[in-house]
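[1] Fold the stuff below for me.
(one chain, ligands or ions: 1)
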Amino acid sequence: MCPKYEADGKVLEIDHDKCDGDSACADACPSNVFELVNGKSTAPNIAECTECCACVSGCPKEAIKHSSC
Ligand code: SF4
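    Down below sits the predicted model:
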């Protein structure tokens, strides 16, 4: 399962087969885009994303794809 989040031309996908819910993305994100739900990362606040790419580089499982990173 690979939920996709979109806003203002930004597209972020999280591979839930890889995500281990350790919150690395949430800890790295300066904009509070992420929320942990049932042990998996979600990105309900994608509209707040500033395209800094910290989540992509910070995920130890390489579970995040971002259209700008
Ligand atoms: S690119 Fe930056 S601002 Fe956007 S979701 Fe990832 S860490 Fe947050």
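
[2] Where does the prediction get shaky in the protein?
    Counting by pLDDT under 70, the chain shows no low-confidence range.

[3] Show me what from it comes close to the ligand.
    Within the chain, the residues that sit near the ligand (Cβ under 6 Å from any ligand atom) are 28-31, 33, 49-55, 66. For the C-beta atoms, the positions are set from N, CA and C on the backbone; glycine is no exception.

[4] Selecting buried members of those residues in PyMOL, what would you type?
    The buried residues among the residues of the chain next to the ligand can be selected in PyMOL (16 or more other Cβ atoms under 10 Å) with this line:
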select buried, resi 28+29+33+49+54+55+66
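
[5] would TSV of the residues of the chain next to the ligand with secondary structure be doable?
    Below are the residues of the chain next to the ligand laid out as TSV (DSSP: H, G, I helix; E, B strand; the rest coil):
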residue	secondary structure
Ala28	helix
Cys29	coil
Pro30	coil
Ser31	coil
Val33	coil
Cys49	coil
Thr50	coil
Glu51	coil
Cys52	coil
Cys53	coil
Ala54	helix
Cys55	helix
His66	strand
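
[6] so which pair among the residues of the chain next to the ligand is furthest apart in space?
    Farthest apart among these by Cβ to Cβ are Pro30 and His66. That separation is 14.2 Å.

[7] Just the terminal-to-terminal distance for stretch 44-51.
    Start-to-end span of stretch 44-51 (Cα to Cα, to the nearest Å) is 15 Å.

[8] scratch that, stretch 7-15 is what I was asking about
    Where stretch 7-15 begins and where it ends lie 18 Å apart, using Cα to Cα.

[9] for the residue lying closest to Cys53 once chain neighbours are set aside, what are its contacts?
    The shortest distance from Cys53 to any non-neighbouring residue, by Cβ to Cβ, 6 or more residues apart in numbering, is to Cys69 (3.7 Å). By Cβ atoms under 8 Å, 6 or more residues apart in numbering, the contact set of Cys69 is 51, 53, 56-57.
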